[in-house]
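*Asks:* What follows is a predicted structure for the sequence shown.
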Amino acid sequence: MASVKADLTGVESIPVKKEEETGVLIPSLQGKKYKLQLTPNGLDRCSDTGIAFQVKRSTTVEYEVEYGSQYMKLVEEKKCELVGPLFNLKFDDNSVLCVHLPHYVNIKGENNSKIECGYFKDGKVNTKTPFKIESSSIVLKNPTPCCVGALWGSSFWRKNPVPFSAKVLLYASVLMPHKQESKEYKVHLYLIPAEKPELKKLDTLKAQSGFKLIDKPSDISRDVYENTDYTVTVEDPKAIIFPSVLNFKPNRDISQSSFVEITVAGSAEKICLSLKDKRKQLWKGELTKGDLKDLIDEMTSPAEEFPPGQDCNHHTTTIAGQPLSKETQK
């Protein structure tokens with residue numbers, strides 16, 4: 001079905017702020033519901049989800065990131081593809097001048113014209129052309145409260161696979177750090193959309209099982225495609241990689257995203273990783289000797305006293321205020 005042009009009649013003369021003028025706010029969170037209290041001072045972006053609002057007057061906006069199968073079914077029936085997070089928006093009518101919705105598409109050439117906005121309401125989805133398409137978001141002017149998200153238009157979804165922008169996340173842990181003969185490193189590698197929301201949720205989940213986020217360059221050098229297999233390799237021939245192939249699925253809840261686990265002997269001085277498609281390398285990263293030493297230092301506490309009979313290799317510690325426990329499965 002052809003897209004409907006956005007209706008801009010009656011738009012107020014308040015200028016839409018440019019992306020570089022955006023302020024970042026930390027939302028309150030209750031269950032799945034985010035909340036921001038906004039004033040009409042410019043464009044404010046949520047630090048957890050990437051959505052941004054410019055309001056006409058002081059107001060409160062509420063929103064949830066949706067992953068329900070009922071939405072995906074509507075997208076499939078529309079013969080579109082979801083290319084960004086779905087947000088269920090709640091705010092007073094006529095209080096929001098514009099909303100910037102994150103999208104996952106690698107914008108280049110004319111392919112931005114293929115991005116539409118899907119409006120989900122009353123069991124139906126309608127599409128409209130956004131007021132503006134930016135490198136990482138689409139702009140809607142004078143939005144109404146409903147569930148919205150970026151879609152790859154029905155005219156293009158079969159002919160042109162969506163070129164996604166993606167990045168790699170690395171989480172690492174060390175098992176049996178006090179026993180050299182048993183010590184081993186575990187690295188979890190994720191491939192996710194570059195603008196994926198709710199990364200703090202993943203950080204918390206990994207921390208609870210004893211894994212620390214490793215800060216490394218994460219951007220992928222080439223386009224990534226949905227339902228495509230990507231291979232993880234390690235220079236160490238004795239490393240265990242399971243599974244060796246990672247399938248890119250951009251629209252999963254971040255807490256349910258697939259990952260590859262790499263297990264390396266504790267005698268390793270560095271861990272060199274790469275991600276490849278069928279043709280060439282997309283990403284390369286390295287945990288250096290210093291990275292591994294820092295990991296051990298953070299996962300152990302020499303001054304910690306253990307109750308009688310408790311092995312010092314089985315303990316909890318704290319990183320950034322989060323109680324951690326080692327992940328022993330796998």
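*Replies:* Noted; the coordinates are in hand.
*Asks:* Give me the mean pLDDT for stretch 31-48.
*Replies:* For stretch 31-48, mean pLDDT is 94.
*Asks:* What are the contacting residues of it?
*Replies:* If you take Cβ atoms under 8 Å, 6 or more residues apart in numbering as the criterion, stretch 31-48 is touched by 14, 16-19, 21-29, 49, 51-65, 98, 100, 197-200. Heads up, the C-betas are built off the backbone N, CA and C, glycines and all.
*Asks:* can I get the CA coordinates of that stretch in CSV?
*Replies:* Extracted in CSV, the C-alpha atoms of stretch 31-48 (Å, rounded to 0.1, in the frame of the first residue of the first chain):
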residue,chain,number,x,y,z
GLY,A,31,8.6,-1.9,35.4
LYS,A,32,8.7,-1.5,31.7
LYS,A,33,7.4,2.1,31.7
TYR,A,34,9.8,5.0,31.1
LYS,A,35,8.9,8.6,32.1
LEU,A,36,10.4,12.0,31.3
GLN,A,37,9.3,15.3,32.7
LEU,A,38,10.1,17.8,29.9
THR,A,39,10.1,21.6,29.4
PRO,A,40,10.0,23.5,26.1
ASN,A,41,13.7,24.3,26.0
GLY,A,42,14.8,22.1,23.1
LEU,A,43,15.2,18.5,22.1
ASP,A,44,15.6,16.0,24.9
ARG,A,45,16.8,12.5,24.4
CYS,A,46,16.3,9.5,26.7
SER,A,47,19.6,8.1,27.8
ASP,A,48,18.3,4.5,27.9
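*Asks:* Give the closest residue to residue 25 in space, chain neighbours not counted.
*Replies:* residue 44 (5.0 Å; Cβ to Cβ, 6 or more residues apart in numbering).
*Asks:* Next one: the one you found relative to residue 201, how far apart?
*Replies:* Distance of residue 44 to residue 201, given as Cβ to Cβ, to the nearest Å: 21 Å.
*Asks:* between these two, which one's more packed in?
*Replies:* Neighbours were tallied for residue 44 and for residue 201 using other Cβ atoms under 10 Å; the higher tally belongs to residue 44 (22 against 15).
*Asks:* beta partners of that one?
*Replies:* Beta-bridge pairing of residue 44 under DSSP bridges involves residue 23, residue 53.
*Asks:* how many other residues sit next to residue 204?
*Replies:* Residue 204 has 12 nearby residues by other Cβ under 10 Å.
*Asks:* Tell me the helices and strands packed up against the helix or strand containing it.
*Replies:* For residue 204, the element it lies in under DSSP states H and E is helix 199-208. When contacts are defined as 3 or more Cβ pairs under 8 Å, 6 or more residues apart in numbering; DSSP states H and E, helix 199-208 packs onto strand 166-175, strand 212-214, strand 322-325.
*Asks:* most tightly surrounded among those?
*Replies:* strand 166-175 (a mean of 22; mean count of other Cβ atoms under 10 Å).
*Asks:* quick one: average pLDDT of that one?
*Replies:* pLDDT averaged over strand 166-175 gives 96.
*Asks:* Poorly predicted segments of the stretch 151-300 of the chain, please.
*Replies:* Along the stretch 151-300 of the chain, the model assigns pLDDT under 70 to residues 154-159.
*Asks:* what's the nearest residue to residue 140 if we skip its chain neighbours?
*Replies:* residue 99 is the one closest to residue 140 (Cβ to Cβ, 6+ apart), at 5.1 Å.
*Asks:* Check the secondary structure at that neighbour for me.
*Replies:* With DSSP: H, G, I helix; E, B strand; the rest coil as the basis, residue 99 sits in strand.
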